[in-house]
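In: quick one: sequence plus predicted model below, questions after.
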Number of protein chains: 2
Amino acid sequence: MDETQELENRFDQLKKDLKENNLQDFRENFLEMHVYEQSQFYEELDEDERYLVYTYLSPKELANMFDVLEEDNENIQDYLSEMRPNYASEMLAQMYTDNAVDLLNTLDKKQMGKYLSLMSQEDAAEIKELLHYEDETAGAIMTTEFVSIVANQTVRSAMYVLKRVAKTAETIYYTYVVDQENRLVGVISLRDLIIRDDDEIIVDILNERVISVHVGDDQEDVAQTFRDYDFLALPVTDYEDHLLGIVTVDDIIDVIDEEATSDYSGLAGVNVEEVHENPAKAAFKRLPWLITLLFLGMATASLINRYEALVSQASILAAFITLITGTAGNAGTQSLAVAVRRLAFNDDKAKNYLKTIFSEVLTGLVTGIVTGATIFVIVWVWKANPILGFIIGMAMMCAITVANLAGSLIPMLMEKLGFDPAVASGPFITTLSDLTSVLIYFNIASLFMGYFIG
Amino acid sequence: MDETQELENRFDQLKKDLKENNLQDFRENFLEMHVYEQSQFYEELDEDERYLVYTYLSPKELANMFDVLEEDNENIQDYLSEMRPNYASEMLAQMYTDNAVDLLNTLDKKQMGKYLSLMSQEDAAEIKELLHYEDETAGAIMTTEFVSIVANQTVRSAMYVLKRVAKTAETIYYTYVVDQENRLVGVISLRDLIIRDDDEIIVDILNERVISVHVGDDQEDVAQTFRDYDFLALPVTDYEDHLLGIVTVDDIIDVIDEEATSDYSGLAGVNVEEVHENPAKAAFKRLPWLITLLFLGMATASLINRYEALVSQASILAAFITLITGTAGNAGTQSLAVAVRRLAFNDDKAKNYLKTIFSEVLTGLVTGIVTGATIFVIVWVWKANPILGFIIGMAMMCAITVANLAGSLIPMLMEKLGFDPAVASGPFITTLSDLTSVLIYFNIASLFMGYFIG
């Protein structure tokens, strides 16, 4: 906690330096901080203070900080438009290419064009190359600031190359070895380079079994490779093995967070990133799901309505509607969450579709039998009516089994149809299972009505 | 895909080598693979084949592979007990300490004691030191294989130290600088060491503002520091700044995955890691939640039962029970997911409790008014009965608002009481909101019953 306090004191001092035009002190104290802390400070400033920052720092110095600003920050467009266009474009050029691309992607085409036209041709070309990769692929998250060397040189000369590029490369801890046509042939870690003798030849010591990803690979698959192999960076190639860029582990952490958030949001039927919204805005983002499901729920209501005669004959039946739909909904949600997870992590999906569904239905049957038997006994004792107990228990068992089937089947269908299975939300499954549960319940009740009333 | 095929072919060749006793070929091909691939191969073997592996590989070679085996692998105890005890304990000693500790923690006390007693005193001491840290803290995930140096030496001599320890340290990309009492005074990255002149003195070039975590810090907080600062490793200190170990980014990725899985599991009320269970086992893991919620659902059933007279007077009321409970449950799930997320990521929790609840209730009110108005119109048109429409719409609005309140209040209560807010599951909220919704619905219906029937 006192670390936070210390940081706050630093920030206060920096603001004072800004206000009193202590250029030298400001620069010294600001540049001493970690870029993340710099970005925290910058986000606290008002517009006038930021104007001063732009005159106190070089585009390169500001770029280092912008490299770590959250890319979904809505203020970024304001920040850029506050700067002189030349300053802004120079800063963009000085950022790591992948970050500059993320940032430019938040702008409209016109703005983007303006900044690109103000850059040197070389910088603009590098950025443009990355701009056209599809979202959420390896190409979209890779950077082009990597180290590559050819194989027929000594460790000494490789180290010399490394020293030269160490300031601009995003990571120097892996050096990629390419042939004359820029095809990836191997990798050598800085650790290996340091251990080896200066006179050894790279070709003798490189690791030829280099793990790489393709530029069009889904970012989730890239993240999985990082998880499996514990790399700090991975090379990205085209389909002819030409080295195009690298993905670094810090970007992968962002990907993992993003995927986790979207799975979590999907399950709840709400975008949980809406943290700083005002209530009205938040409400209007949640309403589409609620209203859509309301109409699905209307189907359930009109179904119950069709059994009005049954309900008015035996109004006790109404008491158990919520219990049955609720419990089946809970079981369906469990089944859904397991199925979505299984789809996300299972490589041999295709083979296991039927097996998974079968095993999920069996799980539903077992949970259904136990839950059904429990409620059978409860209702029998409570209402002293074994037939009512049997109806409720039977309906419960069938409803749970069907809900489990739906919970596992629907994400698979989504995937087959090319959607993200994580979009199959819990609220959707519970609302759908309300419908099937009511259908099952009243059909079973009608069947045994004779015994029940008699 | 052909990469997977290539790997399968390799595995087949390796198995053939094993069977035909081609020791040399096996070793060459096996050791050429990445440790992750080695572990994939190893997990495919049967017991007889594994016996051969233990005779073909040194404990150190096997240790490299065991470093990346999934720690929650249930077979690990079998693997260890297959090996000669001396071989197993030597292998454990050769693993990175943090991984050896994770693995030993899966054994019972007796087994653990056996392996520790067979190790050298030094190795055993190192492991024992880590064994006593509390689960899910920085201490539990740190390793002691780091590089530390004192400040009054040249870059050249520091590089010499690095070369010497490069083979055993878990990462050499950060070197930590300590004083005579082993207190952390700075850090220098390998990148900086390489850029600098060989004759510069460490004390002049080290970064004194070193970010560290305390040994008792929660692993989630450590992960957040990694996210913010994009480090590859972080030093862990005690409360007097003595350097105890480091946490590396690959372990943090595991932590992030673990937390995401547990949040997701919590929301669905099921452990989604149950991937390879058989249906009966899976069912018995899901049943406790279902049965608990069944009893909560019984409260709702008996509440509706108390309104039996009302329902038999106007059985149309039964048709809308599911619609109201379902929609309120959906809104409550949305609210819950947002609240849990907010608690996980918001540092200034304490201050915002009331504000968050207030804003969530307002959100509920807005969604409630819109949804309520929608259903009011639908029911009016459908049943040509504005009073019924009003009852349903009014109940819907109140039920949604209350569900939103519950969804945001309950995780906060959980946190206040010292529980993980992520345990407040969606099924729990929907079942609870069933109860409140029914209460609201039938009270409103009773109030307006006179007008309705009249």
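Out: Perfect, I can see it now. Numbers count the residues shown, from 1 in each chain, chains lettered A, B, ... in the order given.
In: gap between stretch A:287-296 and the chain center?
Out: For stretch A:287-296, the separation from the chain centroid amounts to 25 Å (computed by Cα atoms, centre = their mean, to the nearest Å).
In: check whether it comes near chain B.
Out: Yes. Stretch A:287-296 reaches chain B (Cβ under 8 Å from any Cβ of the partner chain) through A:287, A:289-291, A:293-294. Yep, even glycine has a C-beta here, placed from its N, CA and C like the rest.
In: quick one: mean pLDDT for that stretch?
Out: Computed over stretch A:287-296, the mean pLDDT rounds to 89.
In: okay, buried residues for it please.
Out: Buried residues in stretch A:287-296, counted by 16 or more other Cβ atoms under 10 Å in any protein chain shown: A:287, A:289-290, A:293-294, A:296.
In: from these, pick the one nearest residue B:188.
Out: Using Cβ to Cβ, residue A:289 is the member of these that sits closest to residue B:188, with 51.5 Å.
In: from residue B:394, how far out is the closest one?
Out: Residue A:289 sits 22 Å away from residue B:394, taking Cβ to Cβ, to the nearest Å as the criterion.
In: before we move on, back to that, farthest-apart pair in the buried residues of stretch A:287-296, please.
Out: It's A:287 and A:296 that sit farthest apart of those, by Cβ to Cβ, at 14.7 Å.
In: quick check: residues of the stretch 351-454 of chain A near chain B?
Out: By the rule Cβ under 8 Å from any Cβ, the part of the stretch 351-454 of chain A lying against chain B is A:359-360, A:362-367, A:370-371, A:374-375, A:378, A:382, A:400, A:426-427, A:430-431, A:434, A:438.
In: is stretch A:184-193 up against chain B anywhere?
Out: Yes. Judged by Cβ under 8 Å from any Cβ, stretch A:184-193 and chain B are in contact via A:190-191.
In: which residues sit against that stretch?
Out: A:151, A:155, A:158-159, A:162, A:172-179, A:202, A:205-208, A:210, A:212, A:235, A:237, A:241-243, B:166, B:172-173, B:190, B:194 (Cβ atoms under 8 Å, 6 or more residues apart in numbering or on different chains).
In: again with stretch A:287-306
Out: Outside stretch A:287-306, the residues within contact range by Cβ under 8 Å, 6+ apart are A:269-270, A:311, A:321, A:325, A:425, A:427-428, A:431-432, A:434-435, A:438-439, A:442, B:316, B:318-323, B:326-327, B:330-331, B:334, B:367, B:370-371, B:374-375, B:378, B:382, B:400.
In: and if we set it to 7 Å?
Out: For stretch A:287-306, contacts defined as Cβ atoms under 7 Å, 6 or more residues apart in numbering or on different chains pick out A:269, A:427-428, A:431-432, A:434-435, A:438-439, B:316, B:318-320, B:322-323, B:326-327, B:330-331, B:367, B:370-371, B:374-375, B:378.
In: how about stretch A:221-239?
Out: A:138-139, A:142, A:171, A:173-174, A:176, A:184, A:210-215, A:243-249, A:252, A:255-256, B:34, B:36, B:68, B:232, B:250, B:253.
In: please enumerate the helices of the stretch 151-300 of chain A.
Out: Taking DSSP state H, counting those that start in this stretch as the test, the helices found in the stretch 151-300 of chain A are A:155-165, A:190-195, A:202-205, A:219-229, A:249-268, A:279-306.
In: nearest to residue A:98, of those helices?
Out: helix A:249-268 (6.9 Å).
In: tell me how many other residues surround residue A:8.
Out: By the criterion of other Cβ atoms under 10 Å in any protein chain shown, residue A:8 has 11 neighbours.
In: ugh, wrong one, I meant residue A:194
Out: By other Cβ under 10 Å, the residues close to residue A:194 number 17.
In: check the gap between it and residue B:201 for me.
Out: 20 Å.
In: sorry, back to before: now for the residues of stretch A:287-296 next to chain B: which two are most distant?
Out: A:287 and A:293 (10.6 Å).
In: name the nearest residue to residue A:336, sequence neighbours excluded.
Out: Distances taken as Cβ to Cβ, 6 or more residues apart in numbering or on different chains put residue A:407 closest to residue A:336, at 3.9 Å, once the chain neighbours are dropped.
In: rewinding a little: of the helices of the stretch 151-300 of chain A, flag the one that's most buried.
Out: Highest mean neighbour count among the helices of the stretch 151-300 of chain A (mean count of other Cβ atoms under 10 Å in any protein chain shown): helix A:249-268, with a mean of 21.
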